[in-house]
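Chemist: Provided below are the primary sequence and the corresponding predicted coordinates.
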Amino acid sequence: MRAICPGSFDPVTYGHLDIIDRAHAMFGEVLVAVGRNSAKNYLFDAQERVALLKDALGARDGIEVVVLEGLLVDFSRAHGCGVIVKGVRFAGDFEFELPMAQMNSRLTGIETVLLPATTRWGAVSSTIVREVASYGGDVSEFVPASVNTAIRDRVAQRKEAKS
């Protein structure tokens, strides 16, 4: 069965990669869907996030990275995905994801698997990584080297644009 791992991935972290790899081990084929939300202020645009994910994932067979278009369940069905896989780090994530999983199942029959974050990556989020990086902090422990470089470059560009 093909699974879909949707997310913003802004930026992709080792926690994201762990969930993707675990989903791949469970389902054999994974579509990583990079979401776009015009109301969000992203560090990287959708195409940049796709490129960073592809670079971070390397040449893993059975994993494809694309931009998510439209409603997740419709996109999932159109791409032959029978299950949605989401990572959860704490109770708040679970409380946010559970109603969506129940609604997706009721409306379309597509099930959601909620994978708990591993202890190593449970405290890591893209939001925290962006925040730490914006103040010049070192986030290299939490993201692949190419992503770390891209974050540093983007933060520097934004600071330069503000001056």
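Modeler: Received it, and whenever you're ready, just let me know what you need. Numbers count the residues shown, from 1 in each chain.
Chemist: need the helices for this structure, in chain order.
Modeler: Using DSSP state H, the helices of the chain run over residues 14-27, 46-57, 72-78, 91-108, 126-134, 145-162.
Chemist: what's in contact with the fourth one?
Modeler: This points to helix 91-108. Residues from elsewhere that reach helix 91-108, judged by CB atoms under 8 Å, 6 or more residues apart in numbering: 72, 73, 76, 77, 84, 86, 87, 88, 110, 111, 112, 114. For every residue, glycine as well, the C-beta is placed using N, CA and C.
Chemist: partners of the nearest residue to residue 47 once chain neighbours are set aside in the sheet?
Modeler: When the adjacent residues along the chain are set aside, residue 47 lies closest to residue 67, with 7.2 Å between them (CB to CB, 6 or more residues apart in numbering). Beta-bridge partners for residue 67, by DSSP bridges, are residue 34.
Chemist: strands paired with the longest strand anywhere in the chain, and their directions?
Modeler: Using DSSP state E, we find that the single longest strand of the chain is strand 81-88. Using DSSP bridges, the strands paired with strand 81-88 in its sheet are strand 2-7 (parallel), strand 111-116 (parallel).
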